[in-house]
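> task: produce atomic coordinates for the following.
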Amino acid sequence: QLQLVESGGGLVQPGGSLKLSCAASGFNLDIVGAGWFRQAPGKEREGVSCISTQDGSIKAADSVKGRFTVSRDSAKNMVYLQMDSLKPEDTGNYFCAIAMLGGNCLNHAEYDYWGQGTQVTVPF
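Here you go, the predicted structure:
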C-alpha cells in the first residue's frame, strides 16, 4: 500500500530547529522524486525543498536555502526535512509528497502522492 505519513512538527521558538520525518510506505525512494511543501492559512501551497526524480539533485526555495536540508534514507523508506534557524514565516502545515515522473520538483503539480501534513508553528 502506498502511503506517506509525516511526523515531527510542533511549536518551536524563533531560531530553533525541528526535524520532520516522512514514512514512505510502498515506494522505492531511489527512483522517485520526493519533496516537502508547506501551506500557511490563506496562502498557496509552496515547494520548500525536494529531491529530483531525474538525477537525485536537491532543490530548495530561496526562502529556506542555507536553513533547511532535505534527505532520504532509501533503506528505511524515510524522507527527512531538517529545519534550522526557524522564523515565524516558516509557520505552516508541512506535507511530504512523491513524484513518479521528472520535472520541476518544487512544483506541487508534479506530485502524485501526498501525506496528511504536520503542523509547524514558530511564534512571533
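> distance of the nearest residue to residue 84 once chain neighbours are set aside relative to residue 77?
Nearest residue to residue 84 in three dimensions, chain neighbours excluded: residue 17, at 4.7 Å (C-beta to C-beta, 6 or more residues apart in numbering). Every residue, glycine included, has its C-beta placed from N, CA and C. Between residue 17 and residue 77 the distance is 24 Å, computed by C-beta to C-beta, to the nearest Å.
> and what of residue 101?
In terms of C-beta to C-beta, residue 101 sits 20 Å off from residue 77.
> repeat for residue 8
Using C-beta to C-beta, residue 8 is found at 16 Å from residue 77.
> what about residue 82, which SS state?
Here residue 82 is strand, with the state taken from DSSP: H, G, I helix; E, B strand; the rest coil.
> list the contacts for it?
Going by C-beta atoms under 8 Å, 6 or more residues apart in numbering, residue 82 touches 17, 19, 68-71.
> could you do residue 14 as well?
Neighbours of residue 14 in contact, by C-beta under 8 Å, 6+ apart: 86-88, 122-124.
> read off the pLDDT value for the closest residue to residue 3 other than its chain neighbours.
If the residues on either side of it in the chain are set aside, residue 3 comes closest to residue 25, at 4.4 Å by C-beta to C-beta, 6+ apart. As predicted, residue 25 sits at a pLDDT of 95.
> wait, residue 25 touches residue 1, no?
Yes. Counting by C-beta atoms under 8 Å, residue 25 touches residue 1, with 6.3 Å between them.
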